[in-house]
Structure formats: C-alpha cells, structure tokens
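Chemist: Show me the folded form of this:
(one chain, ligands or ions: 1)
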Amino acid sequence: MEIVQKNYERAISTYRRLLDSVSAGLRPLLLQRLARTLRKAGRLEESAAVYRDLQRLDTVWIAGLPSDLIARSELSSLAAERGDTAELQAYALAFYRDLAGGKWLLDKPRYLYYSDRSRSWCRESQVAEVEFNDLRMTEERKLALSRAAENFLVQPARVLSGEADVHLAFWQADPFAAVVLSASFLGSNWWPQVLSAKGEDIDAALFSPDGRALFGSPSAEPPPFAVIQDIRAGQAPWRLQVWPRQPAAINAEIRQRQTLSLTMLVFVGALLLFGGAITLRIVRREMEIARLRADFVSTVSHEFRSPLTGIRQLAEMLLDGRTTDREKQRGYFRMIVEESDRLTRLVENILDFSRMEEGRREYKFEPLNPTPWLRKLVADFKSEIAANGVAIEANIPDGLPPISADGQALGSAVRNLLDNAVKYSPGQKTVWLDAGAEEGAIRIAVRDRGVGISEQDRKHIFDRFYRAGGDISKRVKGAGLGLSLVQHIVSAHGGTVECRSRVGEGSTFTIRLPAAQVKGGG
Ligand code: ADP
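Modeler: Residues are numbered from 1 along each chain as shown. As a prediction, the model looks like this:
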C-alpha cells in the first residue's frame, strides 16, 4: 500500500491498527513506517509527532541505523521543510553534537552523509557560531585521525602525514593492534609531560617531519649547547631539540673544568719532566758506576801486583845471598814488611767495602778514650811511613771526652785520611793531625799541603770508586774506596765527615763524633 500502490491513507490506517496489536519489540519499526508515510502524505505535523514518539522509545536498529538517529534527523529535516528555524536550530545543533561526539557507531559513508546534512541544517538555522565551530574542529580532527588510520591500514608506517596534521602510529603484528595518535595530541598532552619531567633547567622543542614545531618555542638560531636528535619513525625523521635554559652556568662549568684539566696537564707535565730528569740522573750514575767498577778492577789488580812484585824481588835478592851488608838486609826486610802492610790494608779495605755493600758490616761499639787511642794510632802510622821521610805533626790534647766507638773501624777511617794526606801531597814532608773537643763532640782533622781537590771533585770524592781526575790520580795508587769507607764508618758512629780544600794549597778532612752520653751526671 505504501510502496507499490502509494495509497498513503490506507497505509496510514493499516499501520495505526497494527500498532495497537503488535508486541513492544516491533513498535519502533511501525512508528518509523507510519511517520514516513504521514510525511509522504504531506501530514507533516502528525509525522513529526510520531517521530517524537519514536525518539522517546529505547533505541533499536532499523535497517542498519539507530532508531533515535532516524527520528532526530527526520525531525530536523521536517523542521527545515516547514521553515521552522527556531525548532531547526534546537534539533540541528543537538544532533550534530551527538553525531560528532560519537553517540552512534556508524560506517563512514553514513556518518559522512549525516554529518553533511546536520552541518547544512546548522548553517541554515544559524546556530551559535562558537559551539558549531568547536564541534566542527573536533570532527575534523577525528576525521583526520580516521583518514590516517585508513592510510595506515593500507601502508603501515610510523609517521603518517595528512593534509592538516601529522600522526604517529604504533602497532604490533600478532595479534594486530594499532594506535594512531595525532601529533597535536602528542604536542599538547604527551610531550609537555615527558619533557618537563626532566626538570626546570632544560627547554625542548619537537619538530614534525615537515619541519613544524609541534611542541616548544624554538628560536630561529639554535640556542647554545642545543642538542638535536633525529627520531627516525618512518621515512622522514622527527626532530627533537633540547637546550639548557642557563647556558652561562654551563659555560662557567666548562671554564672550571678547562682550568682543572690545564692544571692537571701542567702538573703531569712537570711530574714527567721531573721523573725524566731523575731517571736520566740515575742512568748516568749507573753508567758512571759501571765505568768506575771497571776502573776499580784494573786498579786493584795493579795495586796488588806492585807490592807483590816488590816483595818477590826483595825476597829473591835476600835469598840469593848477594847482599851481605846486614844494614841493607834489614832495609830490605823492612820494605817487605811495609809492602805487606800495604797489601793487608788494601785487602781489609776491600773486605770492609764488600761487607758494607752487602749491609753485613757490623760495628762493636765500646767506650773509647780518644786521647790515648789517637796517640797510639799516630805513633803506629808514623813508624810505618818513617821510611818515606814524611812526618806527622799531631796535636792531641789530654782529656778528650770519651766516645762510644768501634776502635778498629774508626782507626781504619783515620788511617785512610792520613794515607790520603800523604799520598796526595807529593814533595811535602809533613801532614797534620789536630784533635779537639767541641760542644758535645770531638773533632779529628787531618790536614795536608798537597794537591788539593777541585770543587767539582769534592762533590764526588765520597762516592764509591770515585777518583778525582788529573795527573795525580794516575800516578798515585788507589781504588777509590777509602773515602766512601770513611763516610760509612763515621755515619755508623753518628758523626760527620767534611772536606775543605783548595787546589794547589791542600786539603783538610774533619771527622766529628758525638761524645758518649755521661750517665748519672758523673
Ligand atoms: P783513592 O785514594 O783510593 O783514590 P779515596 O776514596 O780515598 O780513593 O779518595 C777519592 C779521591 O779523592 C782520590 O782519588 C783523590 O783524588 C781525592 N783525595 C782524597 N784525599 C785527598 C787529599 N788529601 N788531597 C787531595 N785529593 C784527595
């Protein structure tokens, strides 16, 4: 009746009759048919009334559309047809608000159809501009998101650039799930949270692949210390720029660090130089010692050989019986004894030296009265060297304070000084020994008027194996050990040895030893 015969009146009365008898479930469908037919029959007021009834019922789906959507769109359409602007205004805006707000889940073509219609009703009835524009923008954003999602389904990519907005997509393959976010959402909600989490001292800006700043307000020039990082998501990179709010503070810190590094560098450099110099010195010294050691071996062999040769010749002469003169014979014997003494002293020195080198030299300290001890030592030495025609002038006062000493070792030290004084004053007939008491110490000075020692040599004469340069050392026999022994012995006694000398005028070696502690005030 309604569709084929187009007999609207009969159709209307039939629908009405059916309405009284059908179950509640079928009412919305019948109401929709009735309202539609009433409209076709030109009975607009009645049609609107039936649509209002339909709107009041619970929503059901009629031909793929929600019943209230049908009712409300038809009411708007009827208001437009009747030219009732006030009513249209009320219906249209509410309808558009619900539609754009997502009240009904529609497929896209239907959505677009109703969106289109409701917008034209809104414009027609001149609804409130502000709210309409707001709705319009919300809808545009959603549409853009929807288009992005559609594109994404065709060609998955992380960055989807649309006409108005850029979108970022995240998805997983199995089971397939995807989130498409608009960049403006990220810019307004997400980035501020993420980027402000870092604290107040940094600023940040985020640029979409098309170069627009989505977040933050970057200056035209990159600010100092800005760090720019491309975030690859798809073909074109997003760009994140982070920079400090107070570059001055960083500058200050950099300067501080530079100063520190420089100081360290200078320090390390100085240390290296110092170390290098010390190493060089040590190496030089070691080389010198190696050379001295080699010299020592040859000197010592020579030192041994000459007294041995002398003793042998003298003994042969005596054995031959060629010399019958008793006086001469005595002379030869005396020379043999002297040479043997020299050998003995040499061997003792070498033995002492090797013990010292190995740290095995032990001293036996005993109370020692210096005056008689020194006098005896000088007397013995005098008789040993009498044959050389050299005299010792000794000045040893009575009552020198007692000392604690190893008499034998200390004797060897003084003898070494006396030996040297004689050896290094060729042509001189006298050497001197002066003893004396000083405050809490005794002093033994051995003086000669011999060749003297240059300032350069004075620094080294106490070193082992060291022998001063020049002619005299070549002529005078020696192993370069005497003074180092003297030094060792004197230090072991808690004393000092000092040398004063002038080249060509002579030398004075002074030993100072602490006097023994007087116990119990006596
Ligand atoms: P040696 O006498 O066996 O060479 P020493 O250690 O006793 O070794 O002496 C080291 C060097 O000091 C000697 O080679 C000599 O050049 C110098 N010297 C020591 N005593 C004197 C002195 N009284 N006069 C001049 N030079 C001396």
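
Chemist: so who does the closest residue to Lys40 other than its chain neighbours touch?
Modeler: Leaving aside its chain neighbours, Lys40 sits nearest to Tyr8 (5.6 Å; criterion: C-beta to C-beta, 6 or more residues apart in numbering). Every C-beta, even on glycine, is put in place using the N, C-alpha and C of the backbone. Tyr8 makes contacts with Met1, Glu2, Thr37, Leu38, Lys40, Ala41, as judged by C-beta atoms under 8 Å, 6 or more residues apart in numbering.

Chemist: For the third one, give me its contacts.
Modeler: Taking C-beta under 8 Å, 6+ apart, we find Thr37 in contact with Glu2, Tyr8, Ala11, Ile12, Tyr15.

Chemist: who's in contact with Ala394?
Modeler: Counting by C-beta under 8 Å, 6+ apart, Ala394 has contacts Leu374, Arg375, Val378, Trp432, Leu433, Asp434, Ala435.

Chemist: burial measure for the second one, as a count.
Modeler: Arg375 has 14 neighbours, counted by other C-beta atoms under 10 Å.

Chemist: what pLDDT does it get?
Modeler: For Arg375, the pLDDT comes out at 93.

Chemist: Surely it and Ile396 touch.
Modeler: Yes. Counting by C-beta atoms under 8 Å, Arg375 touches Ile396, with 5.5 Å between them.

Chemist: ok, then the element right after the helix or strand hosting Gln32?
Modeler: In the assignment (DSSP states H and E), Gln32 maps to helix 27-40. Next along the chain after helix 27-40, taking DSSP H and E as the criterion, comes helix 44-56.

Chemist: Just the residues contacting that next one, thanks.
Modeler: 28, 31-32, 34-36, 38-39, 67-68, 70-72, 74-75, 78-79, 81-82.

Chemist: Stretch 72-83 too?
Modeler: 35, 39, 44, 47-48, 51-52, 55, 87-88, 91-92, 94-95, 98, 114, 117-118, 121, 124-125.

Chemist: Run through the protein and note the low-pLDDT ranges.
Modeler: 162-164, 173-174, 187, 189-200, 232-236, 387, 518-522 (pLDDT under 70).

Chemist: quick one: the strands in the stretch 301-450 of the chain?
Modeler: 366-368, 391-395, 403-405, 430-438, 441-447 (DSSP state E, counting those that start in this stretch).

Chemist: Could you list every helix and strand in contact with the third one?
Modeler: Going back to what we said before, that points to strand 403-405. Judged by 3 or more C-beta pairs under 8 Å, 6 or more residues apart in numbering; DSSP states H and E, the packing partners of strand 403-405 are strand 366-368, strand 506-514.

Chemist: can you redo those as JSON lines with distance to Ser146?
Modeler: Output for the helices and strands packed on strand 403-405, formatted as JSON lines (distance: least, C-beta to C-beta, whole Å):
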{"stretch": "strand 366-368", "distance to Ser146": "114"}
{"stretch": "strand 506-514", "distance to Ser146": "107"}
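
Chemist: Of all the ones you listed, which one is nearest the ligand?
Modeler: Nearest to the ligand, of all these, is strand 506-514, at 4.2 Å by C-beta to the nearest ligand atom.

Chemist: by contact count, what packs against the closest one?
Modeler: strand 403-405, helix 407-423, strand 441-447, helix 482-492, strand 496-502.

Chemist: Now the buried members of the contacts of Tyr8.
Modeler: The neighbour count (16 or more other C-beta atoms under 10 Å) marks Glu2, Thr37, Leu38, Ala41 as buried among the contacts of Tyr8.

Chemist: Throw these into JSON lines and include distance to the ligand, thanks.
Modeler: Formatted as JSON lines, those follow (distance: C-beta to the nearest ligand atom, whole Å):
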{"residue": "Glu2", "distance to the ligand": "142"}
{"residue": "Thr37", "distance to the ligand": "142"}
{"residue": "Leu38", "distance to the ligand": "142"}
{"residue": "Ala41", "distance to the ligand": "145"}
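
Chemist: Looking at these, spot the one nearest Pro223.
Modeler: The nearest member of the buried ones among the contacts of Tyr8 to Pro223, counting by C-beta to C-beta, is Leu38 at 70.6 Å.

Chemist: Show me what from this structure comes close to the ligand.
Modeler: 416, 420-421, 424, 448, 450-453, 461, 466-468, 473, 478-484, 507 (C-beta under 6 Å from any ligand atom).

Chemist: Do me a favour and get the backbone dihedrals for the residue of the stretch 1-150 of the chain found nearest the ligand.
Modeler: Taking C-beta to the nearest ligand atom as the measure, the point where the stretch 1-150 of the chain comes nearest the ligand is Ala148, at 99.8 Å. Main-chain dihedrals, Ala148, degrees, to the nearest 10: phi -60, psi -40.

Chemist: switch to numbering from 35
Modeler: Let's use 35 as the start, then, which means that last one is Ala182.

Chemist: What is the burial count for it?
Modeler: Counted with other C-beta under 10 Å, Ala182 comes out at 23.

Chemist: cool, and Arg131?
Modeler: 17.

Chemist: what helices or strands is whatever helix or strand it lives in leaning on?
Modeler: Element membership of Arg131 [criterion: DSSP H and E] is helix 119-134. When contacts are defined as 3+ C-beta pairs under 8 Å, 6+ apart, helix 119-134 packs onto helix 101-116, helix 142-159, helix 163-188.

Chemist: relative orientation of it and helix 163-188 in degrees?
Modeler: 30 degrees (axes from the mean of the first three to the mean of the last three C-alpha atoms, to 10 degrees).

Chemist: Turn the helices and strands packed on strand 540-548 into JSON lines, including mean neighbour count.
Modeler: Output for the helices and strands packed on strand 540-548, formatted as JSON lines (neighbours: other C-beta atoms under 10 Å):
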{"stretch": "strand 437-439", "mean neighbour count": "21"}
{"stretch": "helix 441-457", "mean neighbour count": "22"}
{"stretch": "strand 475-481", "mean neighbour count": "21"}
{"stretch": "helix 516-526", "mean neighbour count": "21"}
{"stretch": "strand 530-536", "mean neighbour count": "16"}
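
Chemist: Same list (those) but as TSV, adding distance to Gly245.
Modeler: Shown next, in TSV, are these (distance: least, C-beta to C-beta, whole Å):
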stretch	distance to Gly245
strand 437-439	96
helix 441-457	94
strand 475-481	93
helix 516-526	85
strand 530-536	86
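
Chemist: Tell me which of those sits nearest to Phe308.
Modeler: Closest among the helices and strands packed on strand 540-548, using C-beta to C-beta: helix 516-526, at 27.6 Å.
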